[in-house]
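Visitor: Sharing a model that was predicted from the sequence below.
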Amino acid sequence: ERQAEEAAGRQYMRKLDEATSQAKNRLTIASWNYQSNITNYNQEQMLQISLEVAEEEKEAWKETMSYLWHEFEDQDLKRMFKKYSELGTSALPEDLNQRLIQAVNNMQTNYAKATICDYKDRTKCDLHVEPEVTDIFANSEDPEELKYTWIEWHKAAGAPSRGNFTEYIAMDNEAAKLNGYDTMAEFWLNEYEMKNEDEFATLWSQIKPLYQQIHAYVRGKLRQKYGENVVSAKGPIPAHLLGNIWAQTWSNVEKFTKPFPDKPEVDITAALIAQNYTPLKMFQTAEEFFTSLTLSPMPDLFWDKSIIEKPNDGRDMVCHASAWDFFDGEDFRIKQCTTITSEFFTTTHHEMGHIQYYLQYKDQPVIYRAGANAGFHEAVGDVIALSVSSPKHLRVMGLLEDGVDDQESNINQLYKMGLDKIVFLPFGYLLDLFRYSVFRGITAPRDYNCHFWQLRESVQGVEPPAPRSEEDFDPAAKYHISADVEYMRYYVSYIVQFQFHRALCLLADQYTPGDSNKTLSNCDIYKSETAGKALGKMLQLGSSKPWPEAMEMLTGQRNMDASGVLEYFQPLYDWLKAENERTGEFIGWEPSTVQYC
Ligand SMILES: C=C(C[SeH])C(=O)N1CCC[C@H]1C(=O)O
Ligand SMILES: [Zn+2]
C-alpha cells in the first residue's frame, strides 16, 4: 500500500515539477521586465502574474497535502514534498498578497527612482545611487560634501518608504503564521536550519576582537586626516567618512590609511582603465577563471540577454547588481550597471558565481534549484574572487607590479582585504537583527530609526553624521530593505567563503598550514582541476541535501565557524594589535554623542 502511495507520489512530483518550472519562468520574466524597465505597465504585469502564480501554487498545495508524505520511506521524495508543502507568501489570501506585493513594489520603485542634487551644483538633481552617489563616496575627501550627500540620499531613498515597510512587515508576518511560524524572523532562520540567531551571535563573538582592532586603527587614521573635531578618539566612527554610503565596506579609504604607504601598490581601478577593460572584458575575464577550473562557460543566451551596462535611454530601472535563473534550464542572466572599478570587478565575479551555481544544478528538479542555503549562493563568486585578489593572481593579470613579496606588502594586502571582508561582517550581521526585531514586534514603528542606529552603534561602531529622528527611515536607504531581500545570507557567506577557500586551496596544493610560502591569503586556485571538480560537485547538489552535508562534502566539516576568516587574517590581527598598542589607540568605542533616539 505504502509502495503504491510513494509510486503515485513520484509520478505527481514529476508533473508538479514541470508545472512549477513553467510558473517560475513566467514569474521571473515578469520580474525581469519590471526591474530592467520600471513602467506602470510592467509593474502591473508583475503584480498580476505574481497573483496568478500564487493561486496556482495554492491549488497545487491542496493536492500535495493529500499525500501521506510524512510516512514516506524514500527520504528524497519526502524532502521534495516537504519543500512543496511550504507555500511561503502564496499562503496569503489574494487581497493580502496583493497588499504585500504592492508595498514591496512601492519601496523598490522609490529606491530605484530616488535622485538627489549635487553638492557643488545644486541645480543638477539627477544623481542616482549608481553610479553618482557611489562614485562620490569612492572619491570625495570633503567631509561637508560627504555629509550633505549622505543626508540627501537617506532623505530621498529611506524616509518615503516608512509606511510601505510597516505594511510589508505586517503582511509578511501574516504569511509566516499561515506557514506555522511565529513571525517571518523564524521563517527566515529556518533557511539555515536554525530556530534562533544564537549561532550567528556566537560567530560574531569570535570575530569581534579582530573587527575592533581594524575599527580602532581606521578611526585613528581618519582622525589624523580629518581632525579631532570630525573624528573623535574614542567614539564611534561617523558613517559618511568610510568610502561607502552604507559604511558596509571601507576599501575606498585604503589609499590614505594603509599601514605602509611607501610600498608599491597598484590602484586596481586605475590599472583596469589603463588596460582598456570594458564591462564585457570584465565578464569574459571572470568567465575564464571559472572555465580554468573546468566549470561551465556562460551560455550564448547569457551574452544575448544580460544587461551589463546602465542603458542610456533614460529609463528607470533597478541598477542593483543581480543574477537571474529563469528555471527553464537555458536562460540565465546578470543585470548590473557596471562601471570600470576594482569594486565592480569583484562584483562581476560575485554575480557570475550565482550563474555558475545555477548552471551546476540546472538538471536538478526545480524544487532543488537553490543554494544549499542562501549564504552558499552568495559565497560562490566571492570564493573565486579571493583567488583573483591574491597578489599571485593579480601579477598573473598584470594588475600588480612584480614588487618584492615582503612582509610589509603582505600586511598592506591583508589590510585591503580586511577593509572589505572583516569590516562587512558586523554590517551583514546587524541588518537582519533589525528586521528580526521588527518582525517580532520588539521594534515598533515609533522606534524604527532609533533601534536601527542603536544596532549600528553597538555592533558596528558607527554613528550617523547628523542627528536622526523618526521623521527619517534610514534602513530603507539600503537596497535589500527596500527590495525585501533577506540579508543574513551575506553574513553567512563572508564566514563560509573562507572555509570553502581553505578547502579548495588545500586541494589545489596552494596552501600548507604553517608554511609562510603557502598562505591562505596568497593562494590562487586558478586552473586547478582538482579544486574545480570538488567545487562543482558541491554546487550540483543545489538544495537537494541539508547544507551541513554540502559543507562536509567540500570542507570535511559540517558546521560554520570563524576559523577560516581568523586564519586568513591572523598576520593582520597580530600587526594591528601591536600597532594600536604602539599608538595607544583606544580599542572599542564609547557611546555616541549624536542625537538619534
Ligand atoms: C552584489 C550583490 C547582489 Se546579490 C549584493 O547585494 N551584495 C554583495 C555584497 C553584499 C551585498 C550588498 O551589496 O549589500
Ligand atoms: Zn549575490
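Guide: Looks like it came in fine. Numbers count the residues shown, from 1 in each chain. Ligands and ions are numbered 1, 2, ... in the order given.

Visitor: CA atoms for contacts and neighbours, from now on please.
Guide: OK.

Visitor: what does the stretch 401-550 of the chain have sitting close to ligand 1?
Guide: With C-alpha under 6 Å from any ligand atom as the criterion, the stretch 401-550 of the chain meets ligand 1 at residues Tyr490.

Visitor: Just the element for the closest residue to ligand 1 within the stretch 401-550 of the chain, please.
Guide: Of all residues in the stretch 401-550 of the chain, the one sitting closest to ligand 1 is Tyr490 (5.8 Å; C-alpha to the nearest ligand atom). Assigned by DSSP states H and E, Tyr490 belongs to helix 488-507.

Visitor: which outside residues touch that helix?
Guide: Helix 488-507 has contacts (C-alpha atoms under 8 Å, 6 or more residues apart in numbering) with 373-380, 382-383, 386, 421, 424-425, 428-429, 431-432, 511-512, 520, 523-525, 530-531, 534-535, 554-555, 560-565, 568.

Visitor: Buried among those residues? Make that a ChimeraX selection.
Guide: Only the buried entries of the contacts of helix 488-507 go into this ChimeraX selection, using 16 or more other C-alpha atoms under 10 Å:
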select :373,374,375,376,377,378,379,380,382,383,386,421,424,425,428,429,431,432,511,520,523,524,525,530,531,534,535,554,555,560,561,562,563,564,565,568
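
Visitor: In helices only, show me the contacts of helix 488-507.
Guide: Within the contacts of helix 488-507, residues falling in helices by DSSP state H are 374-380, 382-383, 386, 421, 424-425, 428-429, 431-432, 530-531, 534-535, 554-555, 563-565, 568.

Visitor: In which helix or strand does the residue lying closest to Thr183 once chain neighbours are set aside reside?
Guide: Leaving aside its sequence neighbours, Thr183 sits nearest to Asn173 (C-alpha to C-alpha, 6 or more residues apart in numbering; 5.0 Å). Element membership for Asn173 (DSSP H and E) is helix 162-178.

Visitor: Give me the helices and strands touching that helix, please.
Guide: helix 94-113, helix 184-190, helix 407-439 (3 or more C-alpha pairs under 8 Å, 6 or more residues apart in numbering; DSSP states H and E).

Visitor: list the buried ones in the second one?
Guide: Residues 184-188 are the ones in helix 184-190 that count as buried (16+ other C-alpha under 10 Å).

Visitor: Ligand 1: which of the residues you listed is nearest?
Guide: Closest to ligand 1 out of the buried residues of helix 184-190 is Trp188 (16.6 Å), distances taken as C-alpha to the nearest ligand atom.

Visitor: got the contact list for the closest one?
Guide: By C-alpha under 8 Å, 6+ apart, the residues touching Trp188 are Glu486.

Visitor: switch the cut-off to 10 Å
Guide: Counting by C-alpha atoms under 10 Å, 6 or more residues apart in numbering, Trp188 touches 176, 181, 194-196, 432, 436, 486-489.

Visitor: roughly how far apart are it and Glu486?
Guide: 8 Å (C-alpha to C-alpha, to the nearest Å).

Visitor: now Arg122
Guide: Shown here: Arg122 relative to Glu486, a distance of 35 Å by C-alpha to C-alpha.

Visitor: For those two, work out which one has more neighbours and name it.
Guide: Glu486 (15 against 9; other C-alpha atoms under 10 Å).

Visitor: The more buried one belongs to a helix?
Guide: No - counting by DSSP: H, G, I helix; E, B strand; the rest coil, one finds Glu486 to be coil, located in no helix.
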